[in-house]
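K.L.:
Sequence first, predicted model second:
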4 protein chains.
Amino acid sequence: MSQAAVFKHLGRRVRLGLIGGAPGSLIGPVHRTAARLDDCFELAAGVFSSNPERSLAAAKELGIARGYADIATMISEEANRPDGIDAVAIMTPNDSHFDYAAAALDAGLDIICDKPLTNDLDSALTLARKAHDKGRILSLTHNYSGYPMVREARAAIEAGEVGPLRLVNVRYVQGSLAKAVEAEPEKLAARTKWRLDASKGGKSHVLGDIGVHAQQLMTYVTGLRITSVLADVGASLPGRTAHDTAQIILKFEDGTRGQMLVSKVATGAQNVVAIEAYGEEGGVYWEQAGANDLRVMRANKADEIRTRGLPSLHPLAQRATRIPVGHPEAFFEAFANIYTDFAELVAARIAGAKPDPMALLTPDAWIGVDSLAFIDACLESTETGTWADVKRFD
Amino acid sequence: MSQAAVFKHLGRRVRLGLIGGAPGSLIGPVHRTAARLDDCFELAAGVFSSNPERSLAAAKELGIARGYADIATMISEEANRPDGIDAVAIMTPNDSHFDYAAAALDAGLDIICDKPLTNDLDSALTLARKAHDKGRILSLTHNYSGYPMVREARAAIEAGEVGPLRLVNVRYVQGSLAKAVEAEPEKLAARTKWRLDASKGGKSHVLGDIGVHAQQLMTYVTGLRITSVLADVGASLPGRTAHDTAQIILKFEDGTRGQMLVSKVATGAQNVVAIEAYGEEGGVYWEQAGANDLRVMRANKADEIRTRGLPSLHPLAQRATRIPVGHPEAFFEAFANIYTDFAELVAARIAGAKPDPMALLTPDAWIGVDSLAFIDACLESTETGTWADVKRFD
Amino acid sequence: MSQAAVFKHLGRRVRLGLIGGAPGSLIGPVHRTAARLDDCFELAAGVFSSNPERSLAAAKELGIARGYADIATMISEEANRPDGIDAVAIMTPNDSHFDYAAAALDAGLDIICDKPLTNDLDSALTLARKAHDKGRILSLTHNYSGYPMVREARAAIEAGEVGPLRLVNVRYVQGSLAKAVEAEPEKLAARTKWRLDASKGGKSHVLGDIGVHAQQLMTYVTGLRITSVLADVGASLPGRTAHDTAQIILKFEDGTRGQMLVSKVATGAQNVVAIEAYGEEGGVYWEQAGANDLRVMRANKADEIRTRGLPSLHPLAQRATRIPVGHPEAFFEAFANIYTDFAELVAARIAGAKPDPMALLTPDAWIGVDSLAFIDACLESTETGTWADVKRFD
Amino acid sequence: MSQAAVFKHLGRRVRLGLIGGAPGSLIGPVHRTAARLDDCFELAAGVFSSNPERSLAAAKELGIARGYADIATMISEEANRPDGIDAVAIMTPNDSHFDYAAAALDAGLDIICDKPLTNDLDSALTLARKAHDKGRILSLTHNYSGYPMVREARAAIEAGEVGPLRLVNVRYVQGSLAKAVEAEPEKLAARTKWRLDASKGGKSHVLGDIGVHAQQLMTYVTGLRITSVLADVGASLPGRTAHDTAQIILKFEDGTRGQMLVSKVATGAQNVVAIEAYGEEGGVYWEQAGANDLRVMRANKADEIRTRGLPSLHPLAQRATRIPVGHPEAFFEAFANIYTDFAELVAARIAGAKPDPMALLTPDAWIGVDSLAFIDACLESTETGTWADVKRFD
């Protein structure tokens, strides 16, 4: 996975317009670093604030050549340049994704967008269909599926190494809302404030913010859709209205059982993301804190610790790796893998070429639709206290 | 925690009669090793089979001085000896616990019994009440609560170190039923066969066999009862009737959220037992594979790794420890802690003395009642597909 | 490895006389617990103090049937009993081992003795030769070689799994002497005081106390003798005379390189014992903190984590294991493996039978001789500042 | 640590000329990725091969705007451009470092150079003095000291958290030379071939290639120089001439004891880099495989696991961190920290401003001189079989 693939199709880097991620934001530097890492992009233009002056100042501060006052201007002016942007990267609050993405698609641009795709199922579906109709790439930065050893897990399961699946468990816990931080809104970072505001962050904070990562991770690794859920989603902290915890029992399309725990009241837990999947012949275990390793288990046998960089890994994992075993990669490199997949897809599309089939596994708009349907089902189950089906659209 | 406490009360070891655990059984050697470890017991007598000859042969094979042909004989003959047994240890299949325990209580003997107490709530309740009425000790070998660092977790939470609890998660997974072992009953070990037979092993195999450990661990560490459950209990393997997996969302009496995953289809998972509990001020994490450590977490602070044997631990953990830090203890020592607690309670009872209050925390018949009520609620919830309350009796 | 082997040869337990290990000592309870664990011994008699009254009181306190006022009396009176002791266990300060062991051998008793065998090479050699001449067992409690996964490491190397050895590294560090504890002798525990006294503890504290464990571990795992050393042994703490740290570069008989770090000034290190050995085809890594696992490495392949209890382990490891994988064993069980090996050797000797060849691998007096020769070479190298040869005697 | 500091001084990125690192090299992509990561550099120009055509082709392949046929041309032509390079990054074989670095310094350019600085002490010293005389920055990519938690270790020791140091141990082992790869030179990767050739790679392969990392790590963390060594450096594999293993006992300037094991015959060890340092009050442990954590130990207390990203870390570690705790960083980010330190130093120099004092801790030419002196001492000690002093020059 590399710049070489992009240059082969395009003879140059993909030109990217940034939407959001001003200095001071958490996710802005992550997106930009990820985009730079494999040198597949030129960060050519950007809009960094709804305030035109602040947007231009931010562009200067970040060393982005062409800062714009607003998104419409960026889209139209870039369209008129011979070296105009090929794609946009959206990293603004969730409630704005729809408008920006729709505008970009209408202008023929490809899109890489932070998750969740939107805050509601209908608009997500509209975007997915529009991207399809326009023939444009719409990738989502579900960065956990960028980890090479998560990809190894998927490839191992797909290759039948663990046999027919029986049980999958995901745990994503952190402590960012352990205290009633919302009680002092004036002390809240802007990036926390909009997330807790349902009109911007979505109707279920914990599900929209980290639950969709857990759900995508689960479906990515297993290659299976979730069909029904038995859930309890809510606030663990007395007096809180925003959801901080989701507990979910679920079934996959082939009957495999699944379980999920997603919470922001796990005080001191350092963004623990862990997945285990068991089939009749074996199991896999991965967690972000030891991201370079995948534990592969078999009945009555020694565990195998597969490590990122080993030449014996599946191609899907090899492709997502930059340096030999023993030199660890981590969060930025995983995030960059999503960006580089996107670059390859964009370059192939422009060139009218077939992309590497492995790049096509990167999360797309339909995953975004699935995530919104999953959230809806979890909330319905919570309300009724019994099982709810997850809607399916494609 | 030691022989010294027993000798102080009794001037000698507690005399124990063994019920079950013939050579070749899995749990027999565990009970006997645990009983020997701190030298608080004389393994004086025993019945090892319903076949009288085999019982006597087993006693000889194990070097137990007084083998008996059956339990009634052991109880009556020992009662007539000046050095007769003080207590019995029951390690037979679940369905026999009630009769043996009732007979022992009627003879004025104390009891240490393998879990679950019985296979149904009514009989468990009858035993608990009988033990209470007779003034006898009835301990259950919930060995995970014998681990010093599990006790440290309990003590830390009780001392308020993590603040008011918000979220508790337990995971107990293994792969012993990953394959359809029941399809070839002639190859099954006797100890697996009776467990899978509902008439002997109880109506929900996975809950009776390991689920009650998970439930007891959760209530022991938090000091809280479980009041309601949203569960899915069943067989993951197509065609299986015995339950192999239980997925449970639950609420504690103070509103704290809990989650549990218990499964026997986790191929290759080596009897993974893990608990994490989070309060507003911090969290704890323990797993059996690293049994000598307890991770204590706090918001924005370095994690603390408390290790068994440190002089800074809570008394409840110190008391359950034999050697200094750096010399690990494990499964047998934890199991022995339950036995030694029991020895202290028995010795104090006989002496008419007050036992160490910490010994009273060891799991008793009422925990056994709770476990059966918990199983019933989980099965009810599975059937109705919605929340079920856990009955409470004391 | 079990009671069954002992009963087969002897029809009863081995009768053991204890020498040393009064209540309050650190190592006494360890020896007694280890001896009890597999129920191969009757702890029949004992001398616990050079003060006769204290010795008898200790026997009573510990529930040992036949306490004696002194060792000579124990040996002669037991010799006159039909149920007299078969063997003694010596756990007194190092400088007394020779006299007690010699007396026991003269009385025809087998011996299990704490390490080091003696404080000097000559007396160790005398004992080893006497044990040989008398045809008696003399085992040393080098408990680290009792760990099942250390035995797996030895067996794997012996079976050629890692190819010809090239590099072996052992690290045994703790912090017990990080501070100048000897500056306040009145506060020192008796067990520390005699160890720091060269006339009782030997001429190099760190080497005699833990260095010999590291050396035995290294030779046990590799099956190779150490032939020469380049060492720096001394006191890390300014003003200290006792040795607290030994740094050693070494060569084995086949040219394999070895390295050792042994120190008591590693503040906060919790008795870290770790060994790694690499051959041309692979490597092994073990450490006490994760005693149930052995990491087996191979070039460009996933690591293998072999876990105690797996049916796929070598017989030498299987034999040293009591319960299935997933139920961890630890320090006491490893120590007990040395005791149970000893029981089997004693029982076979008395029965005139051939012992299990695997029991013969347990550390014996010649290992004790090797250790003393190793200490001498390390001290010689430190003094000369250059390589010194290790003397060899058998 | 960021682009902001560079922009503040310079109003733009530092313009970098690349020397070496053609497509297919291992270290080229690492340097370029590291340079890109924090967006402090414009990778403006480069020479990638001694073959002019290949050099120009490589520039095109990598998307580097100004490829040159040779280094002299790059230096002179860039000097004539208004937007010419400020600095060069040297990543060619060791034996060429001197000429390229000297030419760059003569042209007034700053330098970031792969380690070792040169292959011999004299030329290293000449370069260090020239850099000093010319007032130019000469940084070395000792990337292990770029890890935030290595910096935390240094800061903790410097702040006195562990008290006066007593013992330091470094272990850097891998298996790249476990087999006689040099026996089939035609199969060797070019990057291995020149390293094993003493005329290009230096007189002691293992010391020049990874030993200097271990030595720099040790001195960086402790803040102490190594004054004398007792070493055995050589080939573990029979018939090999290149050194593959170095075993070193050492003393620091304050008398602290140190030990080092560096080897390339540790088959299957995945580039294990680990350091532990103990003082009278505590200790620290770090290893690359768990790079985001630093274990801080204290006598009789729970260990502290400090994790990258925690707000409670020392400023030196905070500064080297990009994202909050729980999102791991790894090898590239550590390498980038050396590059970004360099960017800040260059920008401040050009601006005539004072750089952040923490940036000055990044490894410089004098570290390179120290490393060569250390290699010389180790080889002298190996030859004489006794202690050798390490020369000191500044």
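P.N.:
Happy to help now that I have it.

K.L.:
and the stretch 151-300 of chain A, which residues reach chain C?
P.N.:
Taking C-beta under 8 Å from any C-beta of the partner chain, the part of the stretch 151-300 of chain A that reaches chain C is made up of A:R295, A:V296, A:N300. Using the backbone N, CA and C atoms, a C-beta is placed for each residue, glycine as well.

K.L.:
Quick check: phi and psi on the residue nearest to the second one when sequence neighbours are not counted?
P.N.:
If I follow you right, that is A:V296. The spatially closest residue to A:V296, leaving aside those adjacent along the chain, is A:E304, at 4.3 Å (C-beta to C-beta, 6 or more residues apart in numbering or on different chains). When quoted as degrees, to the nearest 10, the phi and psi of A:E304 stand at phi -110, psi 130.

K.L.:
And for A:E304, the neighbour number?
P.N.:
The tally of other residues near A:E304 (other C-beta atoms under 10 Å in any protein chain shown) stands at 21.

K.L.:
Next: A:N300.
P.N.:
Using other C-beta under 10 Å, A:N300 has 13 other residues around it.

K.L.:
now it, nearest residue through space, not along the chain?
P.N.:
Distances taken as C-beta to C-beta, 6+ apart put C:P311 closest to A:N300, at 5.3 Å, once the chain neighbours are dropped.

K.L.:
Look up how far C:T33 lies from the one you found.
P.N.:
Look at C:P311 and C:T33: by C-beta to C-beta, to the nearest Å, they are 28 Å apart.

K.L.:
Between these two, which has more neighbouring residues?
P.N.:
Each of C:P311 and C:T33 has its neighbours counted (other C-beta under 10 Å); C:T33 has more, 24 against 10.

K.L.:
Quick check, that one in contact with B:R322.
P.N.:
Yes - between C:T33 and B:R322 there is a contact under C-beta atoms under 8 Å: 7.2 Å.

K.L.:
Check the contact lists of the two and give me the overlap.
P.N.:
Listed contacts common to C:T33 and B:R322 are B:D38, C:F332; contacts here mean C-beta atoms under 8 Å, 6 or more residues apart in numbering or on different chains.

K.L.:
Narrow the residues of the stretch 151-300 of chain A next to chain C to those in strands?
P.N.:
Taking DSSP state E as the definition of strands, those contribute A:R295, A:V296.

K.L.:
Considering the residues of the stretch 151-300 of chain A next to chain C, which is situated nearest to A:Q288?
P.N.:
The closest of those to A:Q288 turns out to be A:R295 (C-beta to C-beta; 13.6 Å).

K.L.:
Only alpha carbons, please: show stretch A:274-293 as PDB.
P.N.:
Output of stretch A:274-293 as PDB, limited to C-alpha atoms (Å, rounded to 0.1, in the frame of the first residue of the first chain):
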ATOM      1  CA  ALA A 274     -10.700  -5.000  22.200                       C
ATOM      2  CA  ILE A 275     -12.200  -7.700  20.000                       C
ATOM      3  CA  GLU A 276     -12.300 -11.500  20.300                       C
ATOM      4  CA  ALA A 277     -14.000 -13.800  17.800                       C
ATOM      5  CA  TYR A 278     -14.300 -17.600  18.200                       C
ATOM      6  CA  GLY A 279     -15.200 -20.200  15.700                       C
ATOM      7  CA  GLU A 280     -15.400 -24.000  16.000                       C
ATOM      8  CA  GLU A 281     -11.700 -24.400  15.200                       C
ATOM      9  CA  GLY A 282     -10.100 -21.400  16.800                       C
ATOM     10  CA  GLY A 283     -10.200 -17.900  18.000                       C
ATOM     11  CA  VAL A 284      -8.600 -14.500  17.600                       C
ATOM     12  CA  TYR A 285      -8.000 -11.700  20.100                       C
ATOM     13  CA  TRP A 286      -6.800  -8.200  19.500                       C
ATOM     14  CA  GLU A 287      -6.700  -5.000  21.500                       C
ATOM     15  CA  GLN A 288      -5.500  -1.600  20.600                       C
ATOM     16  CA  ALA A 289      -3.000  -1.400  23.600                       C
ATOM     17  CA  GLY A 290      -1.000  -4.200  21.900                       C
ATOM     18  CA  ALA A 291      -2.000  -3.200  18.400                       C
ATOM     19  CA  ASN A 292       1.000  -4.900  16.700                       C
ATOM     20  CA  ASP A 293       0.000  -8.400  17.900                       C
END
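
K.L.:
chain center to that stretch, what's the gap?
P.N.:
Distance of stretch A:274-293 from the chain centroid (C-alpha atoms, centre = their mean, to the nearest Å) equals 19 Å.

K.L.:
That stretch close to chain D?
P.N.:
Yes - Stretch A:274-293 lies within reach of chain D by C-beta under 8 Å from any C-beta, at A:Q288, A:A289, A:G290, A:A291, A:N292.

K.L.:
What average pLDDT does that stretch get?
P.N.:
Mean pLDDT, stretch A:274-293: 98.

K.L.:
Quick check: the gap between the most centrally placed residue in chain A and chain C.
P.N.:
Central residue of chain A (C-alpha atoms, centre = their mean): A:H142, 1.5 Å from the mean position. Distance of A:H142 to chain C, computed by C-beta to the nearest C-beta, to the nearest Å: 26 Å.

K.L.:
I'd guessed that residue sits against A:K115; true?
P.N.:
Yes - using C-beta under 8 Å, A:H142 is in contact with A:K115, at 5.7 Å.

K.L.:
Quick check: neighbours shared by the two?
P.N.:
A:V212, A:H213, A:Q216, A:P363.

K.L.:
List buried members of those residues by neighbour count.
P.N.:
Buried members of these, counted by 16 or more other C-beta atoms under 10 Å in any protein chain shown: A:V212, A:H213, A:Q216, A:P363.

K.L.:
Would you tell me which one of the residues you listed comes nearest to chain D?
P.N.:
Nearest to chain D out of these is A:H213 (C-beta to the nearest C-beta; 12.2 Å).

K.L.:
Let me know the pLDDT of that closest one.
P.N.:
A:H213 carries a pLDDT value of 98.

K.L.:
quick one: the strands in the stretch 51-200 of chain A?
P.N.:
Taking DSSP state E, counting those that start in this stretch, the strands of the stretch 51-200 of chain A run over residues A:66-67, A:87-90, A:110-113, A:138-140, A:165-173.

K.L.:
still on that earlier bit, can I get the buried ones among the shared contacts of A:H142 and A:K115 in TSV with distance to chain B?
P.N.:
Shown next, in TSV, are those (distance: C-beta to the nearest C-beta, whole Å):
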residue	distance to chain B
A:V212	19
A:H213	18
A:Q216	20
A:P363	26
